[in-house]
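Colleague: One predicted model, sequence on top.
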Amino acid sequence: MGGAWNCWLPSDVGGASCEVGEPMVCEDDSRPAAGRDDLAYSSPDQGSAASRSSGEQGLSNLARVLDRTEDGITILDGQRRYVYANRAACRILGRSLEDLQGQPFLDSFATGEHVKILSHISESFDGSSHDAATSGGTAGPSSTRGLKPSRFFTLLADADRADRDVACALLPLDMPGDPHCMVILRELAGPGIAARTALGLVEAAHVLGSGTPDETLVAIARMAAEETRASACAITVVGEDGQLFVAGAYGLPLLSRGRPTWRANPMTLQDVPGADVLAANKPVVRPFARCEYEASPVLAASVAALKGVDWQAAAAVPLTWEDELLGWLWLPLPSAVAAPSTAEFALFTALADQAALVVKNSREAAAAERARLAHELHDSVSQALFSMTMHARAAQLSMAKAGLDADAPLAGSITQLVELTRGALAEMRALIFEFRPGALAEEGLVPALRKQAAALSARERLAIGVQGPDERLELASWVEEHLYRIVSEALHNVVKHAKAREAVVDITVEAATVRVSVVDDGTGFEQMASRPGHLGLSTMAQRAAAIGADLAITSTPGIGTAVTVSLTHNRRVRRMAS
Amino acid sequence: MACPRVPTNFPDDELGRPGKDQSSNPDGPIRVLVVDDDVRVLAAISQTITFEDDLQVVGEACDPTTATALAARTGPSVVLVDVLLPDDTTGLDLVRRLCQRPACAVVAMSVRGGLRIPALAAGARGFVEKGSDIDAVLSAIRHAARPISRS
C-alpha cells in the first residue's frame, strides 16, 4: 500500500510544497482510517486506531497540509472518479467528501467542457486511454516518462448558480496500478479573469503582425472559439458598400479560409438581429439566434455551414474604432450554454479590440492604395486620350483639306474615333471622383458635375446640360459630396427609367440658399404609386437629411421629372432617425 | 502738329529673338514653346498646331532645364506648360521662372482641373484642362499672346 508516489505542486498554482515520506510534526495526532487498498487517505477529522506505518503517517500528514490550503485539491482514480477532495475542493465543488467519493470527476463540469478536460487528461498521461481499466501508459511505474502536468481554464457546472470559471492544474501521479492524478482547482475571481484575458491577449499579440490581416483575423477567431465554450467564431466586417462579409472564421466548415460565397445573397447591417445594440458598441446575446437566422431568407445561407454543429444562442461582440462599427465577433454557443461567462466576455472584448485594429489598418491601406492607383491610372490614361483626341482632330482637318467627302468611309471612321475618344476621356474624368477622395474638394461641385454630365452624356447618348456659377460655392466638402451623390442618383434614374431626350442640372445660389435641381423631359412617374425603395429615392432623402437640406421630387407622367435639393446656410443638420 | 509715327511691328532678329513690341504680329505666327513630360502629348500638340496658320511651334521640351534653355534661345511669345512635370511643385516652379521673362506669356495645362488656381497664382496667363476641347487649348494660346493692356 502506499508505495512511493511522486507528486509535485507547482508553486504558481498554489498549495503547499512538501516531500512525501518525510515525517512531519502534526499538531494533532490523527491517524489514518483503515481505507481502501490502493491509497490511504482520510479527512483529518476522522481518527482511528488503525496501525500506522510510516507511509500512512506521511500520507496523513500530507492530508492535513492539503486540507489547510485554500486551493481545491482532488485526487482521481484511473476511472477519473473522486477518491479525495480537500476542504477547499469541497467548498468549490459544493459537495461534501462523502458525496464526491466515487463520483465521476466530469460531472462537476459543464457538459461542453468535457471533451476538453478529457483531452487534457490524456495528454498528461501521454496517450494513455482515459477510460482504460488497464493501467495506463507504456512506461513503467517508476518512470516519469510521458507524464506531464497540464493547466487549463474550464467551467464548473452548477445547477443553482451561473457557470463558474475555474483554473485547473492537472498532475498525473506516477505509481503502480491504476493511474491516478491530482487536480488542483482555483476559482477565478476578478484577478483570475484578468489573468485569463491577459493570457489570451499575449497569444493574440504573438499572432498580430506576424501574418497577413486575414491570417491574423483567423487566428483571433480561433482563439475566441478554442479558449471558450463557443462552438465557433466568425469575424463579420461591414464593407464600405454596407454589405457584410466574413473576414476570418474558425470552426465554421468551409468558411475558415477565404471569403464565403455569400455575395449572391448580400446581407446588410439591417438584416442582422441586434445590430442596433452593436452599433451602440455593446455586446449582444440572442438566445434564439439559430431560429432567427434559419428562418430569415437573407441570413439562412450564412448559417447553412453550421447545420451539423450544436448551437442555439449566439453572442456578438462589436469591433469599433472611434465610434464607428467596423463589424463584430459572432460566436454561436452550444445549446447547453445560455450566455458567455464574465471571463469569456472579457476575452471576447479584448480579442474584438485587436480585430478592430487589424480591420481598420487594412481598410486604410486599401483606401490609400486605391487612391494611388486612381491617381496614376487617371493621369496616364488621360494623357493618352488627350493625345488621341488631338490626332483624331488633325485627321479630320487633313481630310477636309484634302477635300475628302464627309460621307466617305474614312471620314465616318475618323468621326467615330473622335466621338469615342471624347467619351472615354469624359468617363475617365468622371471616374476620378469615385476613387480619389479629395478630388471633389479640389475641383469644386460645379466642375465635378460638369464632368459627370459629360461622361454620362457620352456613354448614354443623352444630352445633359449643366448650368451653374463659375465661382466656387461656399460649401463644406462633405456637403458637396452628398450633393454630388444626390445628383448622381437622380441622373442614374433619368438614364434608367425616364427615356428622356434631355436633362439639365441646374445649380443656383439665391441669398443664403443653394438649390441644385435635375430636370428631365422623360416619362415621369406616378408619385402616389411610387415605392420609396424603388428609384433610390430613400437614399437621396437620407443624403439630403444628412446635410440638412430639403428634397422635393415632382413628376408628371408624360411630361418629365424634377428633383430639387434646397440647402439653406446655417440650417441645423437634422439627425436621421434610423 | 502731327506726332511722329511709332512703328508698331518689330520683326524678330535673325536669331529668332522677339522684337520689343508684341502687340500685333502680322509678320509671323505666334511662336509657341511646348513643355510636357509626356512625349505623346508633345507630339500631338505639335501636330495640332501645324494645322493652325497663326501658330508655330518653336521648340519642344520634356523637363524644366531644357525648357528654360529653349526659352532663352528661341524667344517664344507663349509657353504651353504642363503643370505636372511630373509633380506640381516642379511645374509651378517653372511657370514662375518663365513668367519672369519679359514678353513671355505662359499658358498652363493639366489633366487635373484643381491646379487652375495655383497655376494662375504662379503667374500663368491662362489655364486649360487637358480635355476633349482642343479648340480651348488653341484659343488660350492666342489669348495669352495678346499684350496686356495698360490702362
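Modeller: Sure thing, it's come through. Numbers count the residues shown, from 1 in each chain, chains lettered A, B, ... in the order given.

Colleague: I would like the residues contacting stretch A:431-445, please.
Modeller: With contact meaning CB atoms under 8 Å, 6 or more residues apart in numbering or on different chains, stretch A:431-445 is reached by A:367, A:370-371, A:373-375, A:378, A:448, A:451-452, A:455, A:468, A:472-473, A:475, A:477, A:480-481, A:483-484, A:507, B:112-114. C-beta coordinates here come from the backbone N, C-alpha and C atoms, glycine included.

Colleague: Which ones among these map onto helices?
Modeller: Within the contacts of stretch A:431-445, residues falling in helices by DSSP state H are A:367, A:370-371, A:373-375, A:378, A:448, A:451-452, A:455, A:477, A:480-481, A:483-484.

Colleague: Drop anything exposed from the residues you listed.
Modeller: A:374, A:378, A:448, A:451-452, A:455, A:480-481, A:483-484 (16 or more other CB atoms under 10 Å in any protein chain shown).

Colleague: So which of these is the closest to residue A:177?
Modeller: Checking those against residue A:177 by CB to CB gives residue A:374 as the nearest, at 75.2 Å.

Colleague: Chain B versus the closest one, what's the distance?
Modeller: To chain B, residue A:374 is 12 Å away according to CB to the nearest CB, to the nearest Å.

Colleague: give the contact list for residue 93.
Modeller: Just so you know, I chose chain A. Residue A:93 neighbours (CB under 8 Å, 6+ apart): A:72, A:74, A:85, A:100, A:108, A:156, A:185.

Colleague: Chain B was what I was after
Modeller: Counting by CB under 8 Å, 6+ apart, residue B:93 has contacts residue B:64.

Colleague: does it count as helix, strand or coil?
Modeller: The three-state assignment at residue B:93 reads helix, by DSSP: H, G, I helix; E, B strand; the rest coil.

Colleague: Roughly how far does residue A:438 sit from residue B:112?
Modeller: According to CB to CB, to the nearest Å, residue A:438 and residue B:112 sit 11 Å apart.

Colleague: whoops, residue A:446 was the one
Modeller: Using CB to CB, one gets 16 Å for the distance from residue A:446 to residue B:112.

Colleague: go on, residue A:180?
Modeller: Relative to residue B:112, and taking CB to CB, residue A:180 is found at 80 Å.

Colleague: quick one: the helices in the stretch 51-200 of chain A?
Modeller: Remark: helices assigned in the stretch 51-200 of chain A by DSSP state H, counting those that start in this stretch are A:54-68, A:87-93, A:97-100, A:114-124, A:190-207.

Colleague: And for residue A:409, the neighbour number?
Modeller: 8 (other CB atoms under 10 Å in any protein chain shown).

Colleague: Contact partners for whichever residue of chain B sits closest to chain A?
Modeller: Among the residues of chain B, residue B:114 lies closest to chain A, at 3.3 Å counting by CB to the nearest CB. Neighbouring residues of residue B:114 by CB under 8 Å, 6+ apart: A:439, A:442-443.

Colleague: quick revisit: just put the contacts of residue A:93 in CSV and tack on neighbour count.
Modeller: Shown next, in CSV, are the contacts of residue A:93 (neighbours: other CB atoms under 10 Å in any protein chain shown):
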residue, neighbour count
A:72, 24
A:74, 25
A:85, 29
A:100, 21
A:108, 25
A:156, 19
A:185, 24
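
Colleague: OK, contacts around residue A:457?
Modeller: A:426, A:463-464.

Colleague: Now narrow the residues you listed to whatever sits close to chain B.
Modeller: residue A:426 (CB under 8 Å from any CB of the partner chain).

Colleague: From the contacts of residue A:457, keep the buried residues only.
Modeller: Members of those classed as buried by 16+ other CB under 10 Å are A:426, A:464.

Colleague: Mark which of the contacts of residue A:457 are part of strands, please.
Modeller: A:463-464 (DSSP state E).

Colleague: Pick the one among the contacts of residue A:457 closest to residue B:37.
Modeller: Distances from residue B:37 to the contacts of residue A:457, taken by CB to CB, are shortest for residue A:426, at 23.8 Å.

Colleague: how much space between that closest one and residue A:239?
Modeller: Remark: distance between residue A:426 and residue A:239 (CB to CB) = 29 Å.

Colleague: What pLDDT is listed against residue B:143?
Modeller: On pLDDT, residue B:143 comes in at 92.

Colleague: picking that back up, would you list the contacts of residue A:457 in JSON lines and tack on pLDDT?
Modeller: Compiled in JSON lines, these are given as follows (pLDDT from 0 to 100):
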{"residue": "A:426", "pLDDT": "82"}
{"residue": "A:463", "pLDDT": "90"}
{"residue": "A:464", "pLDDT": "92"}
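
Colleague: If we only consider the contacts of residue A:457, which is nearest to chain B?
Modeller: Nearest member of those to chain B, counting by CB to the nearest CB, is residue A:426, at 6.9 Å.

Colleague: Who are the contact partners of the closest one?
Modeller: Counted by CB under 8 Å, 6+ apart, residue A:426 has contacts A:451, A:454-455, A:457-459, B:131-132.

Colleague: Hmm, residue A:567 and residue A:549 touching each other?
Modeller: Yes. Using CB atoms under 8 Å, residue A:549 is in contact with residue A:567, at 3.9 Å.

Colleague: Mutual contacts of those two, please.
Modeller: Common neighbours of residue A:549 and residue A:567 (CB under 8 Å, 6+ apart) are residue A:483.

Colleague: And the two? Which one has more around it.
Modeller: Neighbours per residue (other CB under 10 Å) separate residue A:549 from residue A:567, with residue A:549 holding more: 24 against 20.

Colleague: buried stuff in stretch B:112-129?
Modeller: Of all the residues in stretch B:112-129, those buried under the rule 16+ other CB under 10 Å are B:112-116, B:118-119, B:122-129.

Colleague: now swap in stretch A:424-436 and tell me
Modeller: Under 16+ other CB under 10 Å, the buried positions of stretch A:424-436 are A:424-433, A:435-436.

Colleague: Go through those residues and name the one nearest residue A:216.
Modeller: Looking across the buried residues of stretch A:424-436 and measuring by CB to CB, the closest to residue A:216 is residue A:435, at 27.0 Å.

Colleague: Can you read off the pLDDT for that closest one?
Modeller: 68.

Colleague: Check residue A:309 too.
Modeller: For residue A:309, the model assigns a pLDDT of 80.

Colleague: The residue in chain A that chain B sits nearest to: helix or strand, and which one exactly?
Modeller: Ranked by CB to the nearest CB, the top residue of chain A for proximity to chain B is residue A:442, at 3.3 Å. Counting by DSSP states H and E, the element that carries residue A:442 is helix A:439-443.
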